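Participant: Fold the following.
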Amino acid sequence: MRAVLETNNPVSLSYAVDILSQEGIDHVVFDENASVIDGSMGFLPRRLMVADDDFTRAERLLRTAMPDAMP
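Facilitator: Now for the predicted structure:
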């Protein structure tokens, strides 16, 4: 698995998850509960993970839909 997006922004993350879901790309969000460690301040980015085989397609979709959120 590879991280296709790392963000502290819950709206961007939700939007990215929705885009991948609509396209049938399986994904997992890592570090969702890490806010317990950082005191719920959102310092630790959440990682949106996809399978290696889906990475290129997922990255292309997210770059097109939300270019400002992508590195």
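
Participant: burial count for the spatially closest residue to residue 69 that is not a sequence neighbour?
Facilitator: Leaving out its chain neighbours, the residue that sits closest to residue 69 by CB to CB, 6 or more residues apart in numbering is residue 12, at 4.6 Å. Where you see a C-beta, it was placed from the backbone N, CA and C, and this is true even at glycine. Counted with other CB atoms under 10 Å, the neighbours of residue 12 add up to 18.

Participant: And the next helix or strand past the helix or strand where residue 12 lies?
Facilitator: Using DSSP states H and E, residue 12 sits within helix 10-22. Using DSSP H and E, the helix or strand that directly follows helix 10-22 along the chain is strand 27-30.

Participant: Identify each buried residue in that next one, please.
Facilitator: Under the neighbour-count criterion of 16 or more other CB atoms under 10 Å, strand 27-30 has residue 27 buried.

Participant: Give me the mean pLDDT for that strand.
Facilitator: What strand 27-30 shows for mean pLDDT is 96.

Participant: any idea how far the residue nearest the centre of the chain lies from residue 28?
Facilitator: With distances taken as CA atoms, centre = their mean, residue 48 lies nearest the centre of the chain, 2.9 Å away. With the distance defined as CB to CB, to the nearest Å, residue 48 ends up 8 Å from residue 28.

Participant: now do residue 44
Facilitator: Counting by CB to CB, the gap between residue 44 and residue 28 amounts to 16 Å.

Participant: quick revisit: what helices or strands is the helix holding residue 12 leaning on?
Facilitator: Using 3 or more CB pairs under 8 Å, 6 or more residues apart in numbering; DSSP states H and E as the contact criterion, the elements in contact with helix 10-22 are strand 2-7, strand 27-30, strand 46-50, helix 55-65.

Participant: How about residues contacting the longest one?
Facilitator: Contacts made with helix 55-65 from outside it, assessed by CB atoms under 8 Å, 6 or more residues apart in numbering, are listed as 2, 4-5, 15-16, 19-20, 23, 25, 27, 50, 69-70.
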